[in-house]
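>>> okay, predicted coordinates and the sequence, questions at the end:
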Amino acid sequence: MEFSDAVRRRKMVRNFEQRPVPQAVLHRLLDTARRAPSAGFSQGFDFLVLAGPEQTGRYWDITLPEPRRASFGLPGLLHAPVLVLPLTDKQAYLDRYSEPDKAAAGLQREEAWPVRYWDVDTAFATMLLLLAAVDEDLGALFFGIFSEEERLLAEFGVPAAHHPIGTVAIGYAAPDQPPSSATRRPRRPLSEMVHFGQW
């Protein structure tokens, strides 16, 4: 698949078949995502991969307990066979910018960073994961973790220094996708978004 086709075909999938994703395919997705750029080549992002009903079930039991599922508007999301938590590692950046070749930048302390590149770079890796899923004819959805984050991370042994930016559900898209209100919004034209030379 051409890159431009993957970009155009990418959409957030909210309904999945329960069919598992082959291990080799999952490995290719993650290998692609790890190639994201990072400041100083700090590579301060990790992925917690939950595959199969036992692991994904533990995720949902914590973040969306059974009593709340009856009113959950996207039941097909619970069928996703893979959930990936992209995690930031701020300390990797602070350590990297303490090394001799980067120390002159003065970025050894969190408050010195005008933009938190550990978040930016983890988002880059997440976007690559979403595009890689399209390239493998899979569907994916990025969504936030809105409750019980601390408990969730403890359940899966995530070190305290790592912070998730959300979750990516990955699997085979079910044919009956629920309509999203966002699809009724037109994409802003290039002429409104791009400012050549001056705003």
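Good, I have the coordinates. Note that the coordinates shown come from a computational prediction; the quantities given were computed from them, not determined experimentally.

>>> tell me how far the closest residue to residue 78 other than its chain neighbours lies from residue 123.
With sequence-adjacent residues excluded and distances taken as C-beta to C-beta, 6 or more residues apart in numbering, residue 78 is closest to residue 60, at 5.8 Å. No exception for glycine: its C-beta is placed from N, CA and C like everyone else's. Remark: distance between residue 60 and residue 123 (C-beta to C-beta, to the nearest Å) = 24 Å.

>>> ok, now residue 24?
Using C-beta to C-beta, residue 24 is found at 26 Å from residue 123.

>>> of these two, who's got more company?
Comparing residue 24 with residue 123 by other C-beta atoms under 10 Å, the one with more neighbours is residue 123, at 17 against 7.

>>> OK, contacts around the more buried one?
The contact partners of residue 123, taken as C-beta atoms under 8 Å, 6 or more residues apart in numbering, are 86, 165.

>>> give the next helix or strand downstream of the helix or strand that contains it.
Using DSSP states H and E, residue 123 sits in helix 117-135. Remark: after helix 117-135, the chain's next helix or strand is strand 139-143, criterion DSSP H and E.

>>> against which helices or strands is that following strand packed?
With contacts defined as 3 or more C-beta pairs under 8 Å, 6 or more residues apart in numbering; DSSP states H and E, strand 139-143 has these neighbours: helix 117-135, strand 167-171.

>>> out of the ones you listed, which one sits most buried?
Ranked by mean neighbour count under mean count of other C-beta atoms under 10 Å, the helices and strands packed on strand 139-143 are led by strand 167-171, which reaches a mean of 25.

>>> give the other helices and strands that that one contacts.
Partner elements for strand 167-171 (3+ C-beta pairs under 8 Å, 6+ apart): strand 82-89, helix 117-135, strand 139-143.

>>> closest one to residue 17 among those?
Set against residue 17 and scored by C-beta to C-beta, these come closest in strand 139-143, at 9.0 Å.

>>> need the contact partners of the closest one.
Counting by C-beta under 8 Å, 6+ apart, 11-14, 16, 77, 80, 126, 129-130, 133-134, 166-173 sit against strand 139-143.
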